[in-house]
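In: what's the 3D shape of this:
(one chain, ligands or ions: 1)
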Amino acid sequence: MITFEVKDMTCGHCVSTIVQAVRAVDRGADVRIELQSHQVQIDPTEADTDELRDAIQEAGYTPVVVTTGSLKPDGVMRSDGCCG
Ligand SMILES: [Cu+2]
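Out: A predicted model of the protein is given here:
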């Protein structure tokens, strides 16, 4: 799971543009968007973080990598706390 923060993603149109951009580099990717917190969460199947970031950038947005965490069976899974 890779999480980007995309501050300039502001409406449903942005969401669909970004989803399409991600799918263009990774057709099987699972993309989840939280518009209110400007988060794009991607479960990639083939693209890496750089490719995904580039794809979103080329679509005209400004992604910032928040987490590139991979799940470890014995690890503690971190989740972003809410920060108002
Ligand atoms: Cu928009």
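In: neighbouring contacts of stretch 45-53?
Out: Outside stretch 45-53, the residues that touch it by C-beta atoms under 8 Å, 6 or more residues apart in numbering are 2, 4, 22, 25-29, 42, 44, 55, 63, 65, 68. All C-beta atoms are positioned from the backbone trio N, CA, C, and that covers glycine.
In: report the distance from it to the chain centre.
Out: 10 Å (C-alpha atoms, centre = their mean, to the nearest Å).
In: list the buried residues of that stretch.
Out: By 16 or more other C-beta atoms under 10 Å, the buried positions in stretch 45-53 come out as Ala47, Leu52, Arg53.
In: just the endpoints, please. Distance across that stretch?
Out: Using C-alpha to C-alpha, to the nearest Å, one end of stretch 45-53 lies 15 Å from the other.
In: enumerate the residues of the protein near the ion.
Out: Thr10, Cys11, His13, Cys14 (C-beta under 5 Å from the ion).
In: just give me the neighbour total for the second one.
Out: As a burial measure, Cys11 scores 9 neighbours (other C-beta atoms under 10 Å).
In: look up how far Ile42 lies from it.
Out: Taking C-beta to C-beta, to the nearest Å as the measure, Cys11 falls 19 Å from Ile42.
In: what do you get for the last one?
Out: Cys14 sits 15 Å away from Ile42, going by C-beta to C-beta.
In: just checking, Glu58 touches Ala21?
Out: Yes: with contact defined as C-beta atoms under 8 Å, Glu58 counts as touching Ala21 (6.7 Å).
In: more neighbours: those two, which one.
Out: The neighbour comparison of Glu58 against Ala21 (other C-beta under 10 Å) goes to Ala21, with 21 against 11.
In: show me what the helix or strand hosting Val19 is packed up against.
Out: Following DSSP states H and E, one finds Val19 within helix 12-25. Helices and strands touching helix 12-25, by 3 or more C-beta pairs under 8 Å, 6 or more residues apart in numbering; DSSP states H and E, are strand 30-34, strand 39-43, helix 49-58.
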